[in-house]
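[1] whatever this is, show me its structure:
(2 chains)
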Amino acid sequence: MSKLRLGMYCAAGCGGCDISLLEIHEHLLDVIAVADIAFWPAATDFKYADIEALPDGDIDVCFVNGAIRNTENTHIAKLLRAKSKVLVAYGACSAFGGVPGLANLYPVREVIDRAFTTPSTDAPTGQRPSASATHSDGSSVGLPAINGTVTSLGDIVAVDYTLPGCPPATDRVWEVIQAIASGQLPGAPAIVGAGSKSVCDDCRLEKKGTRISKFVRSHEIVAEDGRCLLEQGIVCMGPATRSGCGGQCTDALMPCRGCFGPAGDSIDQGAAMVAALGTVIDSEDEAVIRETISQVVDPAGTFYAFTLATSVLGRARTANPEEEVRS
Amino acid sequence: MTDSTYEPRILGILCTWCSYSGADGAGQARVAYPPNVEVVRVMCSGRVDPTFIISALADGADGVLVCGCHPGDCHYINGNCKATARMTVLSAMLEQLGIEPERVRLEWISAAESTRYAELVAEMTEQVRALGPLDWSPRKKVEAL
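    This next block holds a predicted model:
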């Protein structure tokens, strides 16, 4: 039997997903025994021209991590879809837009201005990136244009499997790779490397049904071990988040941030979290309930930390949300 | 931006015990009020999943009005307390997403408050009319690509 051909690409991501694939450690040797790396810019030297030269469907399984933020991401996503038999959205950004998707809270011009006016940016004349530049020798180079809205991989091309997480949990990654190698993947499309219940289902901390009278942020208190973080007043996304990570964050007494996306059949993680918070307040007084729930800081950024781009609304309603940012 | 032919479409989600009876009473008493609220009856305001509201806004509703029993009067003891918490934080979240708080309201209507219900519908219809069409479903455009 010929060896499997695997690919891995990083679109608008942080590189953590590439690292998470390396985190299977010595199992990489087992992977290389049954598979060749057809394309993985983070690990080996490939050029886009190498991908363009491949026949369609040449890559057996291609993992794509990172959100779709610019025209380069869109182009490569389409290219890899054509060249791959099976395309996997790897990680929260690729699956749901991830943290880059939070840029959808602002008009794209505001995002660019923010990026180029922070104290660490040296842009004394207020310059912004331009689509092309000409060198002194007359040659020119181009930059990809920013898309008006951050989307997931699945919004651009058909995705066969989604492997959620920021980054995906190492044990789950290894299980999925074994399933690929042995031809045991479920029918597509499917979510792999994750459970179907919520993070609370796997969390070792105990829920007692205690209600709360105050919300706190995780840096404001030292959480008590063994007790549900939400019942200690910390906004923990566990109830609204798909299981599969094994409760890694809550095991270390840090609240779940929701990187596995909405649990079960839920279509909107933010709405699911709003629903969950409705039941935790220890009061039947309308004013007290309103005052207590209003202590939750930045609800949109917290409840949609990884899934704004694929939420029901998808982006904030602002003036000129997708206004062209450069000439 | 609002033209004279614009009529707001508002989804009403009413609890069956108090608010739906109140709305029913408004009809039986032949109280005149705007026809802009399209009503869905649920067992309790505590049954209203925030997903319903967000989905309605993405599917073309210009506003959503949720009505339940007054605090202390809930048929299920505290369903309206849960609705209070959810609607408060949902409203804050939707404001970050650029959707005005006036478009998504939680109000208490008892079975005896038919007139109050009619006034509420008239008031909210005019508020939403002043805000204009919501017309915000960017996800649907993405999915259509």
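
[2] which of the residues in the helix or strand containing A:Ala82 are buried?
    Element membership of A:Ala82 [criterion: DSSP states H and E] is helix A:71-83. For helix A:71-83, burial by neighbour count (16 or more other CB atoms under 10 Å in any protein chain shown) applies to A:Glu72, A:Asn73, A:Thr74, A:Ile76, A:Ala77, A:Leu79, A:Leu80, A:Arg81, A:Ala82, A:Lys83. To be clear about C-beta, it is placed using only N, CA and C from the backbone, and glycine gets the same treatment.

[3] where do the strands of chain B begin and end?
    B:10-15, B:37-42, B:63-68, B:104-108 (DSSP state E).

[4] for chain A, find the nearest of these.
    strand B:104-108 (8.8 Å; CB to the nearest CB).

[5] the closest one pairs with which strands, parallel or anti?
    Strand pairing for strand B:104-108, determined by DSSP bridges: strand B:63-68 (parallel).

[6] measure B:Glu100 to chain A for me?
    Per CB to the nearest CB, to the nearest Å, B:Glu100 is found 9 Å from chain A.

[7] over to B:Ala58?
    5 Å.

[8] what's around A:Asp56, how many residues?
    Other residues near A:Asp56 number 10, with proximity taken as other CB atoms under 10 Å in any protein chain shown.

[9] ok, the residue of chain A positioned farthest from its centre - contacts?
    What lies farthest from the middle of chain A is A:Asp137; by CA atoms, centre = their mean that is 41.2 Å. With contact set as CB atoms under 8 Å, 6 or more residues apart in numbering or on different chains, A:Asp137 has no partners.

[10] what's the answer for A:Met8, then?
    So A:Met8 contacts A:Asp18, A:Leu21, A:Ile37, A:Phe39, A:Trp40, A:Ala42, A:Ala43, A:Cys62, A:Phe63, A:Val64, A:Asn65, A:Tyr90 (CB under 8 Å, 6+ apart).

[11] what about those, which are in helices?
    A:Asp18, A:Leu21 (DSSP state H).

[12] closest to chain B among the contacts of A:Met8?
    Using CB to the nearest CB, these come closest to chain B at A:Val64, 17.2 Å.

[13] quick one: residues contacting the closest one.
    With contact set as CB under 8 Å, 6+ apart, A:Val64 has these partners: A:Met8, A:Tyr9, A:Ala11, A:Ala77, A:Leu80, A:Leu87, A:Val88, A:Ala89, A:Tyr90, A:Ser94, A:Leu153.

[14] surely A:Leu22 meets A:Val31?
    No: with contact defined as CB atoms under 8 Å, A:Leu22 does not reach A:Val31; the gap is 10.7 Å.

[15] okay, these two: which has more neighbours?
    A:Val31 (19 against 11).

[16] for chain A, which segments are assigned as helices?
    Using DSSP H, helices in chain A cover A:16-22, A:27-34, A:48-53, A:71-83, A:92-96, A:108-115, A:170-181, A:199-202, A:248-251, A:269-277, A:286-293, A:299-303.

[17] lowest mean pLDDT across the ones you listed, which one is that?
    Among these, helix A:108-115 carries the lowest mean pLDDT, a mean of 88.

[18] rewinding a little: list only buried entries from the contacts of A:Met8.
    Among those, those buried by neighbour count (16+ other CB under 10 Å) are A:Asp18, A:Leu21, A:Phe39, A:Trp40, A:Cys62, A:Phe63, A:Val64, A:Asn65, A:Tyr90.

[19] re earlier: tell me if the helix holding A:Ala82 is near chain B.
    No: between helix A:71-83 and chain B, judged by CB under 8 Å from any CB of the partner chain, nothing touches; the nearest distance is 10.2 Å.

[20] near chain A, which residues of chain B show up?
    B:46, B:49-51, B:53-55, B:57-58, B:71-72, B:78, B:81-86, B:88-90, B:92-93, B:96-99, B:134, B:136-139, B:142-143, B:145.

[21] try 7 Å
    For chain B, the contact set with chain A under CB under 7 Å from any CB of the partner chain comprises B:49-51, B:54-55, B:58, B:71, B:78, B:81-82, B:84-86, B:88-90, B:92-93, B:96-99, B:136, B:138-139, B:142, B:145.

[22] distance between the helix or strand of chain A with the lowest mean pLDDT and the chain's centre?
    None of the helices or strands of chain A scores lower by mean pLDDT, DSSP states H and E than strand A:132-134, at a mean of 83. Chain-centre distance of strand A:132-134: 32 Å, with CA atoms, centre = their mean, to the nearest Å.

[23] which strands and helices lie in contact with it?
    Where contact means 3 or more CB pairs under 7 Å, 6 or more residues apart in numbering or on different chains; DSSP states H and E, strand A:132-134 is packed against strand A:140-142.

[24] neighbouring strands of the strand it packs on in the sheet, and parallel or not?
    strand A:132-134 (antiparallel).

[25] can you map out the helices along chain B?
    Using DSSP H, helices in chain B cover B:19-28, B:50-58, B:79-96, B:114-131, B:138-143.

[26] residues in contact with stretch B:125-137?
    A:313, A:317, B:1-2, B:6, B:8, B:10, B:34, B:36, B:57-58, B:62-63, B:100, B:102-103 (CB atoms under 7 Å, 6 or more residues apart in numbering or on different chains).

[27] tell me which of those is nearest to A:Ala287?
    Of all the contacts of stretch B:125-137, B:Glu102 has the smallest distance to A:Ala287: 20.3 Å, by CB to CB.

[28] can you pull the pLDDT of that closest one?
    pLDDT recorded at B:Glu102 is 97.

[29] so who does it touch?
    Neighbouring residues of B:Glu102 by CB under 7 Å, 6+ apart: B:Gln127, B:Val128, B:Leu131.

[30] between the residues you listed, identify the one with the most neighbours.
    Ranked by the number of neighbours (other CB under 10 Å), the contacts of B:Glu102 place B:Val128 first, at 27 neighbours.

[31] who touches the helix holding A:Ala82?
    Here helix A:71-83 makes contact (CB under 7 Å, 6+ apart) with A:7, A:9, A:11-12, A:51-52, A:54, A:56-59, A:62, A:64, A:66, A:68, A:87, A:144-145, A:147, A:153, A:156-158.

[32] show the buried residues in the residues you listed.
    The neighbour count (16+ other CB under 10 Å) marks A:7, A:9, A:11-12, A:51, A:54, A:58-59, A:62, A:64, A:66, A:68, A:87, A:147, A:153, A:156-157 as buried among the contacts of helix A:71-83.

[33] may I have stretch A:116-132 as PDB, with CA atoms only?
    The C-alpha atoms that make up stretch A:116-132 are tabulated as PDB, following Å, rounded to 0.1, in the frame of the first residue of the first chain:
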ATOM      1  CA  PHE A 116      -1.100  50.600  13.200                       C
ATOM      2  CA  THR A 117      -1.600  53.200  16.000                       C
ATOM      3  CA  THR A 118      -0.700  51.100  19.000                       C
ATOM      4  CA  PRO A 119       2.400  52.300  20.900                       C
ATOM      5  CA  SER A 120       4.500  49.500  19.700                       C
ATOM      6  CA  THR A 121       3.900  50.400  16.000                       C
ATOM      7  CA  ASP A 122       6.300  52.900  14.500                       C
ATOM      8  CA  ALA A 123       4.200  54.700  11.900                       C
ATOM      9  CA  PRO A 124       5.000  58.400  12.400                       C
ATOM     10  CA  THR A 125       3.300  59.600   9.200                       C
ATOM     11  CA  GLY A 126       0.200  57.500   9.800                       C
ATOM     12  CA  GLN A 127       1.100  55.200   6.900                       C
ATOM     13  CA  ARG A 128      -0.900  52.100   6.400                       C
ATOM     14  CA  PRO A 129       0.000  48.900   4.400                       C
ATOM     15  CA  SER A 130      -0.600  49.400   0.700                       C
ATOM     16  CA  ALA A 131      -1.600  46.700  -1.700                       C
ATOM     17  CA  SER A 132       1.500  47.000  -3.700                       C
END
